[in-house]
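>>> Sharing a sequence plus its predicted fold:
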Amino acid sequence: MRLHKATGIILKRKNLGEADRILTVFTQNEGKIYLKAKGVRKITSKRASHIEPLNKVTFSSYKKGAMPVLTEVICIESFSRIKQNLSLVALSYHICELIDGLCPEGQESPEIFNLVEQILLDLSYEKHIGSAIHDFEVKLLTKLGFLSSSHDLTGAKASFFIESILERKLKVRQILPLLI
């Protein structure tokens, strides 16, 4: 067995069986990874509140079988200001959907991790939300190599470009308020 400790942002979670969850976590050193969180849906679980989407966490896991298993987790930042505003939650989920769809599994991406952390902090303090989201999309596409500096993606062009890369419609984009 291999023990591992890392810091990451919870992008999404999926129920598994009666008491477990599969977490998608974006880490600074390993990029996007999947973790199995055993027993976190039980009422007595002490880890359940720490593994909510959008939380920045420090976690420990061990590799057993195909998927690492979460052993310990501590929430560093919960971005509670975002979670109190439904529009900001929708925008944050849009960011998580972009990271989950565009970033490959297991690829180290410290610049993108810092970019995600910064946009979540900007949303927490409601700094120029519309332009911040668009700038994030363009920077993400550029850092991932999908976009060169000669491209001009203004307004909704960025979303259409992202949808063409993903070859599907963005789910969260359909319910977003007209903030972007």
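In hand now; what should we look at? Numbering: from 1, shown residues only.
>>> Every contact and neighbour count from this point should use C-alpha atoms.
OK.
>>> which of the residues in the longest helix anywhere in the chain are buried?
Criterion DSSP state H: the longest helix present in the chain is helix 86-102. Counting neighbours by 16 or more other C-alpha atoms under 10 Å, one finds that the buried residues in helix 86-102 are 87-100, 102.
>>> Same question for stretch 111-121.
Buried residues in stretch 111-121, defined by neighbour count with 16+ other C-alpha under 10 Å: 112, 113, 115, 116, 117, 119, 120, 121.
>>> Can I get the host helix or strand of the fifth one in PDB? Just the C-alpha atoms.
According to DSSP states H and E, residue 117 maps onto helix 110-124. Output of helix 110-124 as PDB, limited to C-alpha atoms (Å, rounded to 0.1, in the frame of the first residue of the first chain):
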ATOM      1  CA  PRO A 110       0.100  23.900 -10.500                       C
ATOM      2  CA  GLU A 111      -0.700  27.000 -12.600                       C
ATOM      3  CA  ILE A 112      -4.200  25.800 -13.300                       C
ATOM      4  CA  PHE A 113      -4.700  24.900  -9.600                       C
ATOM      5  CA  ASN A 114      -3.600  28.500  -8.700                       C
ATOM      6  CA  LEU A 115      -6.000  29.800 -11.400                       C
ATOM      7  CA  VAL A 116      -8.900  27.900 -10.000                       C
ATOM      8  CA  GLU A 117      -8.100  29.000  -6.400                       C
ATOM      9  CA  GLN A 118      -7.800  32.600  -7.500                       C
ATOM     10  CA  ILE A 119     -11.200  32.600  -9.400                       C
ATOM     11  CA  LEU A 120     -12.900  31.100  -6.300                       C
ATOM     12  CA  LEU A 121     -11.400  33.800  -4.100                       C
ATOM     13  CA  ASP A 122     -12.500  36.500  -6.600                       C
ATOM     14  CA  LEU A 123     -16.000  35.000  -6.600                       C
ATOM     15  CA  SER A 124     -16.000  35.000  -2.800                       C
END
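>>> Can we start the residue count at 11 from this point?
That works, and once the first residue is 11, the last one we named lands at helix 120-134.
>>> so how far is the very next helix or strand once past that helix from its chain's centroid?
Following helix 120-134 in sequence order, the next helix or strand is helix 139-153 (DSSP H and E). From the chain centre to the centre of helix 139-153 is a distance of 15 Å (C-alpha atoms, centre = their mean, to the nearest Å).
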